[in-house]
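>>> Compute the structure for the input listed below.
(one chain, ligands or ions: 2)
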Amino acid sequence: VSVLCLGSAHGSPGVTTAATALAGVWPEGRRLLMVEADASGGMLAARLGLSDSPGLVSLAAAARRGWDGELVWRHAQTSGDVSVLVAPASADHVRGAVRDVAGPLAGWCGRQADVDVIVDCGRLASDPVAAPLIEAADVVCVLTRPTVDQLRPAAARLETLAAAGVEGGLLLVGDSPYGPAEVRESMGVEVAGVVAWDPVAAEVMAGGSGQDVRRSLLVRSVATLVAGFTTDLMDAPGEAESQRLVGGVG
Ligand SMILES: Nc1ncnc2c1ncn2[C@@H]1O[C@H](COP(=O)(O)OP(=O)(O)O)[C@@H](O)[C@H]1O
Ligand SMILES: [Mg+2]
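Ligands and ions are numbered 1, 2, ... in the order given. The predicted model follows:
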């Protein structure tokens with residue numbers, strides 16, 4: 001199994017957008033589950049035109065009565081070819097649900113041979129509720145716009161993660177005013193890549209109407225990232241250009 005965790009440290013750099021875009025270009029032939037483990041409340045249901053339930057909260061309730069191998073799939077909804085475990089928009093129940101489910105879900109992930117999991121962890125607190133998923137992840141990225149405001153908290157978050165034994169990298173959203181080489185050099189942190197700055201495509205990915213985004217800068221940039229991630233994540237890298245959800249989004 002391959003688990004990819006995305007989160008932020010400050011502001012709203014574009015975690016959910018990147019997660020959605022990544023899902024859209026994930027190699028075909030791999031079963032993909034998106035988990036919205038964002039304790040501040042969910043966005044994916046609204047953005048993808050799904051309902052709030054089933055999802056993380058119903059999974060957490062059901063899990064109290066016991067966990068079986070199919071449980072996750074029974075609480076996931078589908079968008080295109082992707083299964084999505086959504087968090088309800090109201091933050092009230094999400095935090096507890098993420099906390100209850102993160103451990104068993106991480107264990108479940110470890111038992112799946114052919115499932116890849118993209119986790120939207122939202123804002124990473126110093127003690128994230130999704131910790132078991134983050135610890136189980138193959139790749140952990142802290143997203144940040146490359147501005148001083150966001151870079152410093154993001155780098156600090158990487159340090160906290162490292163102290164907890166989790167090696168993560170920054171994923172820049174845009175490359176201005178600082179590009180990846182500059183960030184790497186001046187801050188001494190790992191930069192996993194760049195998600196292109198592309199407000200028009202981001203708007204479409206957020207459920208807005210608009211043109212086909214498959215050829216957009218944003219989607220092409222995450223396709224490049226997927227190629228890199230999947231080399232890390234999988235024995236046999238898939239075809240990164242294969243697209244399944246993008247365009248069907250919204
Ligand atoms: N790559 C991007 N380029 C331009 N705008 C973006 C990009 N990613 C996200 N945005 C915009 O930034 C805002 C926050 O995005 P979102 O993905 O919800 O962030 P987060 O999940 O980090 O809170 C949205 O208005 C979205 O359209
Ligand atoms: Mg988000």
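
>>> any chance you could map the strands in this structure?
Ranges of strands within the chain are 2-8, 31-36, 77-79, 82-85, 115-123, 139-144, 169-173, 191-195, based on DSSP state E.

>>> Any idea how many residues pack against the nearest residue to residue 130 once chain neighbours are set aside?
Sequence neighbours aside, residue 37 is the residue nearest to residue 130 in space, at 4.2 Å (criterion: Cβ to Cβ, 6 or more residues apart in numbering). Where C-beta positions appear, they are placed from N, C-alpha and C, glycine not excepted. If you count neighbours by other Cβ atoms under 10 Å, residue 37 ends up with 28.

>>> surely residue 37 meets residue 124?
No - using Cβ atoms under 8 Å, residue 37 is not in contact with residue 124; the gap is 10.5 Å.

>>> Need the per-residue pLDDT for the residue of the chain found nearest ligand 2.
Closest residue of the chain to ligand 2, Cβ to the ion: residue 16 (3.3 Å). What the model reports for residue 16 is a pLDDT of 98.

>>> Let me see the contact set for it.
Counting by Cβ atoms under 8 Å, 6 or more residues apart in numbering, residue 16 touches 36, 38, 43, 44, 47, 120, 122, 206.

>>> any idea how far it is from ligand 1?
Computed with Cβ to the nearest ligand atom, to the nearest Å, the distance linking residue 16 and ligand 1 is 3 Å.

>>> So which residues on the chain come close to ligand 1?
8, 12-17, 43, 173, 195, 197-199, 202-203, 206, 218 (Cβ under 6 Å from any ligand atom).

>>> Repeat the analysis, applying 8 Å as the threshold.
Residues of the chain lying close to ligand 1 (Cβ under 8 Å from any ligand atom) are 8, 11-21, 38, 43, 120, 122-123, 143, 173-174, 195-199, 201-203, 205-206, 218, 221.

>>> Select from those residues every entry located in helices.
15-21, 199, 201-203, 205, 218, 221 (DSSP state H).

>>> Can you flag the buried ones in these?
The neighbour count (16 or more other Cβ atoms under 10 Å) marks 15, 16, 17, 18, 19, 20, 21, 201, 202, 205, 218, 221 as buried among those.
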